[in-house]
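Colleague: need a 3D model of the following:
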Amino acid sequence: MCTGDGLCLDHCPDVFVQLEDGIAYVAELGSPLNDPGGSGSLAWVPLKSYQAVVHAAEACPGECIFIEMPAQSVGELSLSL
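Modeller: Numbering: from 1, shown residues only. Predicted coordinates:
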């Protein structure tokens, strides 16, 4: 569960957004995906952001950032929060 610390935004502001409810969400193409823990929160993230996303996941106090690499990586990774 997101604790609202915003550390993910510190590490990767182009992938995460924090809404008025104080919770951080993963965003795809700038739009927050609003289904925490569900398939509706699964975003495709450019591979160039991979390292920053990994750092965000490692820093997350709620341990709620999950990263999946597609079997056929073609420049993107799958990310859910």
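
Colleague: what about the residue nearest the centre of the chain, distance to residue 18?
Modeller: The chain has residue 26 as the residue nearest its centroid, 3.9 Å off, counting by C-alpha atoms, centre = their mean. Distance, residue 26 to residue 18, using C-beta to C-beta, to the nearest Å: 11 Å. Quick note: C-beta positions are derived from backbone N, CA and C, even for glycine.

Colleague: looking at residue 71 now. What's its pLDDT?
Modeller: Predicted confidence (pLDDT) for residue 71: 65.

Colleague: typed the wrong thing, it's residue 37
Modeller: Residue 37 is assigned 58 on the pLDDT scale.

Colleague: ditto for residue 1
Modeller: At residue 1, pLDDT is 82.

Colleague: next up, the contacts around the residue lying closest to it once chain neighbours are set aside.
Modeller: In space, and not counting its chain neighbours, residue 1 is closest to residue 62: 5.3 Å by C-beta to C-beta, 6 or more residues apart in numbering. Listed by C-beta atoms under 8 Å, 6 or more residues apart in numbering, the contact partners of residue 62 are 1, 2, 3, 5.
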